[in-house]
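Enquirer: Sequence and predicted structure, then a few things I'm wondering about:
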Amino acid sequence: MKLEDKIEDVFAYTEERCLWQFYSRTWDREENIEGVVNQAIALLSGKPGNREKPMDRLHYADAKIMVDDLRERYTWVNEANEPEIREVMEGLKKRLVDTTITRSTNRELTHHLY
C-alpha cells in the first residue's frame, strides 16, 4: 500500500471521528493537531506517551482512542515500523493543518476579539 493511501486512510478516519481538529481558534487547532498526532506517533511506536501536564493527558486520551481505532480498522497500522508510522502521521498533520487552518474560510479562527 502506498504512503498516500495510508495518509488518506488516517485522514478519512480523523475527519469522520475526531472533533479535536475543529477547535475554534487557529492556535487551538494547531496545538491539538500537534499534541494528539505526536501522542499517537508515540503510542503506535510502542512508547508510553506523555502524560506529564493536564494538556498532555488530554492529547493522550484522544490519541489513545484514535490509535485503538486505527489498529482495529487498518491492518497496515499493525505491520508498520516506527519510521513508516512517523511518515504517515506527519503527512496527516500536514493535511489536517492545510484543511482545517490554511484553507479554512472560518473567519473566527483569526478574529482579534476571540
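Expert: Received it, and whenever you're ready, just let me know what you need.
Enquirer: Please name every helix or strand in contact with the helix or strand hosting Leu92.
Expert: Per DSSP states H and E, Leu92 falls inside helix 82-97. Helices and strands touching helix 82-97, by 3 or more CB pairs under 8 Å, 6 or more residues apart in numbering; DSSP states H and E, are helix 3-17, helix 26-44. For the C-beta atoms, the positions are set from N, CA and C on the backbone; glycine is no exception.
Enquirer: buried stuff in it?
Expert: 85, 88-89, 91-93, 95-97 (16 or more other CB atoms under 10 Å).
Enquirer: Any chance of TSV for those residues, columns distance to Ile41?
Expert: Below are the buried residues of helix 82-97 laid out as TSV (distance: CB to CB, whole Å):
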residue	distance to Ile41
Ile85	6
Val88	9
Met89	5
Gly91	12
Leu92	10
Lys93	9
Arg95	15
Leu96	14
Val97	16
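Enquirer: Quantify the burial of Ile41 by counting its neighbouring residues.
Expert: 21 (other CB atoms under 10 Å).
Enquirer: what pLDDT does it get?
Expert: What the model reports for Ile41 is a pLDDT of 98.
Enquirer: what sits against it?
Expert: Ile41 is in contact with 85-86, 89, counting by CB atoms under 8 Å, 6 or more residues apart in numbering.
Enquirer: before we move on, back to that, is it possible to get TSV of the buried residues of helix 82-97 that adds pLDDT and distance to Phe22?
Expert: Listed next are the buried residues of helix 82-97 as TSV, based on pLDDT from 0 to 100; distance: CB to CB, whole Å:
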residue	pLDDT	distance to Phe22
Ile85	97	24
Val88	98	21
Met89	98	19
Gly91	98	19
Leu92	97	15
Lys93	97	15
Arg95	96	14
Leu96	94	10
Val97	94	13
